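Colleague: model this:
(one chain, ligands or ions: 1)
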Amino acid sequence: MSGKLGVMEKTCTVMLPLTMNSSENRENVCIFGTGDFGRSLGLKMLQCGYSVVFGSRNPRTSRLLPNGAEVLSYSEAAQKSDIILIAIHREHYEFLTELIEVLKGKILVDVSNNLKINQYPESNAEYLAQLVPGAHVVKAFNTISAWALQSGALDASRQVFICGNDSKAKQRVVDIVRTLGLTPLDRGSLSAATEIENYPLQLFPMWRFPFYLSAALCLFFFIYCVIREVIYPYVQEKEDSTFRMAISIPNRVFPITALTLLALVYLPGVIAAILQLYRGTKYQRFPDWLDHWMLCRKQLGLVALGFAFLHAIYTLVIPIRYYVRWRIRNTTITQVITKKDNPFITSMAWLSDSYVSLGILGFFLFVLLGITSLPSVSNMMNWREFRFVQSKLGYLTLILCTAHTLVYGGRKFLSSSILRWYLPSAYVLALIIPSTVLVIKFILIMPCINKTLMRIRQGWERNSKYSKSALNGKSDI
Ligand code: NAP
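Modeller: Numbers count the residues shown, from 1 in each chain. Next up is the predicted model:
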């Protein structure tokens, strides 16, 4: 078959070359498969000045191809370029064995994904390498979607993970990735393909722990508050307080969860510091659970911020609540009837204003922390600035929010009269973890301890036996 079908006129996409690939010296690239991804990749490559040849089962009937692309049969297309992007699902790779001769020495770029994590014993790229042993297989592009390539909406994910055993082949793919305006990230040999293929299938891996934890905390505190504020009054006085479950109790549960999660953002750092002090070295791995915990601190903080927002919104509706309006009216009427007014207690006014003020300041800093954790903002900061915000301002936020809760308890904080069935108010429980973190942190920053910790973090070791494991260690927390 002469094969040349020339330009397909079905789509009329405007193509503007974006790169250094001059028209006189256009590099030929072959794409196997004229499906969604193949077409999108082809379009992008044409826009960037490449000359694109598609390989297809049905070159004559292939539709919707970008203007300027050529479509040939698979074997004819393969001869046109020494680099071939395989935009075909793994399940259909077998026909490639018929092309072993023509594919010899060529660079095959595996872009495929699976439907499930670890669906096959080996990665798709390794499978391709087994099917076509004479070719140099490189894994790339699987984390970029066809839609993003076509619409240009690549801001969220410009990163292209690349791996392969042949460094020259990998370099060719790296060059293409750069020419397309994407960011190549070399992940090493082809054995890294499994990890790269699993990457797009992961569902919020870093968010899972914070979500489960916050759900568990919310559930625990909700049940705790229901026992104290709904079941207890019903059992003791036959009083129906079920309406509290709509606003009062959530407005207790959300701030408690927010404060506990915020404290849990700083707790692993404190544990890590204690471990380093105990071991007398930083060159020893932290346990996996601590590593994982430290990696999802940002997510924990953002979930905590979400709960703090809920608390702020719930607090704003307090004045318009029926129950609150009823209480104020009732108190006023009772005072009029009994001709008695409540004296103004300055200390109470102080407590109430300080509590609100601490809450507002804590919330403000909390929002600031959230904003600085956004990549667009954090990318503008150097390491010292980022640490200053996330560590110093973070601890200040924790102090303010803890103080907000402490002052809320006020005088009745440690009074036995607030116990119901021996259970203290929920906010007392909320103070346990933050206070513990703050007390330990305070001890850690005492000069005698802080000096040793800083020395350890700069590489000093108390015990020389650890020096052997130095290469495997973590360098910072
Ligand atoms: P698709 O629309 O189904 O296209 C697959 C193409 O494979 C077909 O159009 C067909 O092209 C070719 N093919 C060859 N042998 C085949 C056979 N026996 N049966 C069916 N098709 C056969 O799929 P796609 O969305 O373009 O995805 C292609 C590859 O890119 C997949 O491995 C996918 O995991 C990967 N990927 C896709 C995306 C995305 O956003 N879609 C993102 C990243 C990676 P011809 O008819 O021209 O032969």
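Colleague: need phi/psi at the residue in the stretch 1-150 of the chain positioned nearest to the ligand.
Modeller: Residue of the stretch 1-150 of the chain nearest the ligand, by Cβ to the nearest ligand atom: Gly35 (1.7 Å). Backbone N, C-alpha and C define where each C-beta goes, glycine included. Dihedral pair for Gly35: phi -80, psi -170, per degrees, to the nearest 10.
Colleague: same thing with Ala148?
Modeller: phi -60, psi -40.
Colleague: where in the chain is pLDDT low?
Modeller: 1-25, 152-157, 410-416, 464-477 (pLDDT under 70).
Colleague: quick one: name the residues of it near the ligand.
Modeller: 33-38, 56-58, 62, 87-89, 92, 111-113, 142, 145-146 (Cβ under 6 Å from any ligand atom).
Colleague: rewinding a little: okay, now the residue of the stretch 1-150 of the chain closest to the ligand: neighbour count?
Modeller: Neighbour count for Gly35, taken as other Cβ atoms under 10 Å: 14.
Colleague: with Tyr212 instead?
Modeller: Counted with other Cβ under 10 Å, Tyr212 comes out at 10.
Colleague: measure it to Lys298 for me?
Modeller: Distance, Tyr212 to Lys298, using Cβ to Cβ, to the nearest Å: 16 Å.
Colleague: next: Ser40.
Modeller: Distance from Ser40 to Lys298, by Cβ to Cβ: 32 Å.
Colleague: now Ser75
Modeller: For Ser75, the distance to Lys298 equals 50 Å [Cβ to Cβ].
Colleague: and these two? Which one has more around it.
Modeller: Set side by side, Ser75 and Lys298 show more neighbours around Lys298, with 18 against 14, by other Cβ under 10 Å.
Colleague: who are the contact partners of that one?
Modeller: Applying Cβ atoms under 8 Å, 6 or more residues apart in numbering to Lys298 gives the contacts Met206, Ser373.
Colleague: check which helix or strand it maps to.
Modeller: helix 297-316 (DSSP states H and E).
Colleague: mind exporting that helix as CSV, just the C-alpha atoms?
Modeller: What follows is helix 297-316 as a C-alpha-only set of coordinates in CSV (Å, rounded to 0.1, in the frame of the first residue of the first chain):
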residue,chain,number,x,y,z
ARG,A,297,1.3,16.9,57.8
LYS,A,298,0.3,19.4,55.2
GLN,A,299,-2.9,17.4,54.5
LEU,A,300,-3.6,17.1,58.2
GLY,A,301,-3.2,20.8,58.6
LEU,A,302,-5.6,21.6,55.7
VAL,A,303,-8.3,19.2,57.0
ALA,A,304,-7.9,20.9,60.4
LEU,A,305,-8.3,24.3,58.7
GLY,A,306,-11.5,23.0,57.1
PHE,A,307,-12.9,22.2,60.5
ALA,A,308,-11.8,25.6,61.9
PHE,A,309,-13.8,27.2,59.0
LEU,A,310,-16.8,25.2,59.9
HIS,A,311,-16.5,26.3,63.6
ALA,A,312,-16.3,29.9,62.4
ILE,A,313,-19.4,29.6,60.3
TYR,A,314,-21.4,27.8,63.0
THR,A,315,-20.4,30.4,65.5
LEU,A,316,-21.7,33.2,63.3
